[in-house]
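Asks: take this sequence and fold it.
(one chain, ligands or ions: 1)
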Amino acid sequence: MAHLEHQNARFLEIASSLAPTLHSTPQPALGVVVPVPSSTAALGWTTHPGEGLEGGRTFTDGEEVVLDFGGHRVGHLTFRLVGVGIDGQMPDSPCRLRFTFGEVLNDVAEEFEPYTGVLSKAWLPEETITVDYLPQEVRVPRRWAFRYVKIHVVAVSVNFRVRFENILAHAVTSCPPNSNPPGLTFASPKWAHLEEKDKTMLQRIDEVSLATLRDCMQEVYEDGPRRDQRVWIGDLRLQALTSYSTFKDTQLAKRCLYLHAGVPFSDGRIAAGMFHLPYPYRSGNFIVDYSILYTCAVLEYVQASGDVEAGRDLYPTALKQFEFALTGLNEENVYVCQEAGGFESIDQERWHFVDWNDSLSRSSSIHSILILSLRALSTLETLLSLPPSSHVLPSSTHSPTSLVDLLVESSRKAFFRPEQGVFVSGDKDQISWASQAWAVLAGVTEGDEAKVALRKAYEEGGVEGVTPYLHHYLVEAFIKAGLDDLAAKHIISYWGSMVDAGAETFFETWVPSDPKLSPYKSFALQSFCHAWSATASLLVRRLGME
Ligand code: RAM
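Replies: Numbers count the residues shown, from 1 in each chain. Modelled structure (predicted):
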């Protein structure tokens, strides 16, 4: 099996020695709710209180109940199932139950059919089990991500009804208990002008971000505990950064960096994603931007932990990624990628991600990400006291820093339009948030020029991001350019609009004006607790709001 070849056994052993402890906390449901359509709720649903399970409420075929656990968790559901005979009868058949696990109300309130999604239907959050020999202690086998659980009785015999007792969620995370950082206090005079309602919103955004990160911290940094459940490099980088500044984890990040380096393609490239169960193996796809951002993730890990030894181990993997990325440059040393398209048009062998916005031209962003990652490579070499690599490519004489100079120059020639003050991308000179944000982060522009570029794209209709992933980099660029007030304003309006929509954890994709947008052509395939959306906690700390 190709996905299992070329593994680095030593790296995988190190990763395995770092397997974290999973902490499990039993939690009872807070109550029974009835989902009710709402024209004012962003996602279309609200709840009314429902008839509780106390007092021996029993169920038969076709009856159902929706439990509310009061917040998002990842874990197993357990309960005691009791058969209550009718007219002196005893249970005389199994009981078949269907569970639907809702991260949001839509999951338990809407039908999954007709199914329009482009990913496997097996990701839909439902499970059917058959229970024999009542009364019986039941543990729903699969780990689920949920706030709500709909229990639907599919079938029992006519001679008995069933009762549910002691229903518990066992919430699991590898984030150690009580590791939440202190809440935001806005002590710095810099934030004295913030209105109380904004402070309250930012505090709530921080709580929701931390809950998001906590629930994605499992045996690895999962991108989402509902769907994918794997380590994607782009998500990992942001999770690790957020965790360094909040929960202070470095070991789970180290494990994931070694896991990725341990399962490369045969030519040394690292896959966009990797699975750790039942044994480590790589995903089949390759994302150019993720592969080079791996260098940033290694650098940031060494900076956060001081673990130079790991940095030296992982450096060759980081360096190797540039060989492939640099083949995307044309004769003018400008990165060119295929023009925009949706999920179906992705080239799995050479995927340029940046964001899920179908209409985004990515060339200029990838060019900047290349510059940023080369800068990180050079800093990493210094930090590890390595002699600066005299050439990034075996066939070229460029060091990381001389390549940076070359690529900054070609970027400004190809992508910067001085008369408009913005960076463009693609045949149609598209102006986007992504192109400006990455140019700023890569240091292709700075000072007033950077401010103008960001403001123009942001305030004058540049192509926007549809994922919190790109929104993160936009805000990071605002902060780097010294636009702190705009950064705060955007965190409040964007992450805040998810809070207003009822988010207990932050979503994978979110466009406030089109809340049901899904890159996978099915809202039910969305992950509503997604790693790359947890960075608001990092951003507010970078803004000095603690
Ligand atoms: C999706 C997931 C994941 C992301 C990739 C690019 O499958 O959302 O988090 O990294 O896309």
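Asks: same question for stretch 133-145, mean pLDDT?
Replies: Mean pLDDT, stretch 133-145: 97.
Asks: where does the stretch 101-250 of the chain come near the ligand, residue by residue?
Replies: For the stretch 101-250 of the chain, the residues in contact with the ligand (Cβ under 6 Å from any ligand atom) are 223, 228, 232, 234-235. Any C-beta I mention is one placed from the backbone N, CA and C, and that applies to glycine too.
Asks: in helices only, show me those residues.
Replies: Under the assignment DSSP state H, these contribute 234-235 to helices.
Asks: what's the lowest-pLDDT member of the residues of the stretch 101-250 of the chain next to the ligand?
Replies: D228 (95).
Asks: which residues are in contact with the closest residue to the ligand within the stretch 1-150 of the chain?
Replies: Nearest residue of the stretch 1-150 of the chain to the ligand (Cβ to the nearest ligand atom) works out as L119 at 8.1 Å. Going by Cβ atoms under 8 Å, 6 or more residues apart in numbering, L119 touches 227, 520, 522, 525.
Asks: kindly supply the PyMOL command isolating those of these that are buried.
Replies: The PyMOL selection below is limited to those of the contacts of L119 classed as buried (16 or more other Cβ atoms under 10 Å):
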select buried, resi 227+520+522+525
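Asks: just flag the most distant two among the contacts of L119.
Replies: R227 and S522 (10.8 Å; Cβ to Cβ).
Asks: burial count for P26?
Replies: 12 (other Cβ atoms under 10 Å).
Asks: any idea how far the residue of the stretch 251-400 of the chain found nearest the ligand lies from L360?
Replies: Per Cβ to the nearest ligand atom, F353 is where the stretch 251-400 of the chain lies closest to the ligand, at 4.9 Å. Distance of F353 to L360, given as Cβ to Cβ, to the nearest Å: 10 Å.
Asks: same check on W191?
Replies: 33 Å.
Asks: residues in contact with the residue nearest to T246 when sequence neighbours are not counted?
Replies: Among residues not flanking T246 along the chain, P181 sits closest, at 4.8 Å (Cβ to Cβ, 6 or more residues apart in numbering). If you count contacts by Cβ under 8 Å, 6+ apart, P181 has them with 210, 245-247, 537, 541, 546.
Asks: so which of those is the closest to the ligand?
Replies: Distances from the ligand to these, taken by Cβ to the nearest ligand atom, are shortest for S537, at 17.7 Å.
Asks: so what's the gap between the helix or strand containing that closest one and the chain middle?
Replies: Counting by DSSP states H and E, the element that carries S537 is helix 536-542. A distance of 16 Å separates the centroid of the chain from that of helix 536-542, by Cα atoms, centre = their mean, to the nearest Å.
Asks: how about stretch 82-98?
Replies: With Cα atoms, centre = their mean, you get 43 Å for stretch 82-98.
Asks: who's more crowded, W191 and L360?
Replies: A count of neighbours by other Cβ under 10 Å puts L360 above the other of W191 and L360, at 26 against 20.
Asks: from T397, how far off is the more buried one?
Replies: To T397, L360 is 34 Å away according to Cβ to Cβ.
Asks: kindly report the same for E110.
Replies: Per Cβ to Cβ, E110 is found 59 Å from T397.
Asks: go on, L77?
Replies: Here the distance between L77 and T397 works out to 61 Å (Cβ to Cβ).
Asks: got the contact list for the host helix or strand of A488?
Replies: Assigned by DSSP H and E, A488 belongs to helix 484-500. Outside helix 484-500, the residues within contact range by Cβ under 8 Å, 6+ apart are 42, 190-191, 194, 198, 201-202, 204-205, 208-209, 454-455, 458, 468, 471, 474-475, 478-479, 506-507, 510, 512, 533, 536, 539-540, 543, 545.
Asks: just the buried members of the residues you listed?
Replies: 42, 191, 194, 198, 201-202, 204-205, 208-209, 454-455, 458, 468, 471, 474-475, 478-479, 506-507, 510, 533, 536, 539-540, 543, 545.
Asks: other SSEs contacting the helix or strand Q203 falls within?
Replies: According to DSSP H and E, Q203 maps onto helix 196-216. Packing partners of helix 196-216 (3 or more Cβ pairs under 8 Å, 6 or more residues apart in numbering; DSSP states H and E): strand 64-85, helix 233-245, helix 484-500, helix 536-542.
Asks: again, 10 Å this time
Replies: strand 64-85, strand 160-173, helix 233-245, helix 484-500, helix 536-542 (3 or more Cβ pairs under 10 Å, 6 or more residues apart in numbering; DSSP states H and E).
Asks: just to revisit the earlier point, mind checking pLDDT for the closest residue to the residue of the stretch 251-400 of the chain closest to the ligand other than its chain neighbours?
Replies: The shortest distance from F353 to any non-neighbouring residue, by Cβ to Cβ, 6+ apart, is to I287 (4.9 Å). In this prediction, I287 carries a pLDDT score of 97.
Asks: for I287, grab the count of nearby residues.
Replies: Neighbours of I287 using other Cβ under 10 Å come to 23.
Asks: residues touching it, list them.
Replies: I287 sits next to 232-234, 270-273, 293, 346, 348, 350-354 when contact means Cβ atoms under 10 Å, 6 or more residues apart in numbering.
Asks: need the mean per-residue confidence for stretch 34-42.
Replies: Rounded mean pLDDT across stretch 34-42 is 97.
Asks: with just CA atoms, put the helix holding S537 into CSV.
Replies: Only the C-alpha atoms of helix 536-542 are listed here, as CSV (Å, rounded to 0.1, in the frame of the first residue of the first chain):
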residue,chain,number,x,y,z
ALA,A,536,-9.6,34.3,17.9
SER,A,537,-8.1,33.4,21.3
LEU,A,538,-4.6,33.9,19.8
LEU,A,539,-5.5,37.1,18.0
VAL,A,540,-7.0,38.8,21.1
ARG,A,541,-3.9,37.9,23.0
ARG,A,542,-1.7,39.3,20.3
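Asks: against which helices or strands is it packed?
Replies: Short answer (3+ Cβ pairs under 10 Å, 6+ apart): helix 536-542 packs on helix 196-216, helix 233-245, helix 468-480, helix 484-500.
Asks: need the residues of the protein near the ligand, please.
Replies: 223, 228, 232, 234-235, 353, 508, 532.
Asks: so how do I select the buried members of those in ChimeraX?
Replies: Remark: buried members of the residues of the chain next to the ligand, expressed as a ChimeraX selection using 16+ other Cβ under 10 Å:
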select :223,228,232,234,235,353,508,532
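Asks: switch the residues of the chain next to the ligand over to TSV; also include distance to R143.
Replies: Listed next are the residues of the chain next to the ligand as TSV, based on distance: Cβ to Cβ, whole Å:
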residue	distance to R143
D223	15
D228	14
W232	19
G234	24
D235	19
F353	27
E508	18
W532	21
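Asks: re the thing from before, report the two of the residues of the stretch 101-250 of the chain next to the ligand separated the most.
Replies: Most distant of those, by Cβ to Cβ, are D228 and G234, 11.9 Å apart.
Asks: so where do the strands sit in the stretch 201-350 of the chain?
Replies: Taking DSSP state E, counting those that start in this stretch as the test, the strands found in the stretch 201-350 of the chain are 231-232, 273-275, 281-282.
Asks: direction included, what does the last one pair up with?
Replies: The strands beside strand 281-282 in its sheet (DSSP bridges) come out as strand 273-275 (antiparallel).
Asks: now do the partner strand: distance to the chain's middle.
Replies: Using Cα atoms, centre = their mean, the offset of strand 273-275 from its chain centre is 14 Å.
Asks: and that strand, average pLDDT?
Replies: Here the average pLDDT along strand 273-275 is 97.
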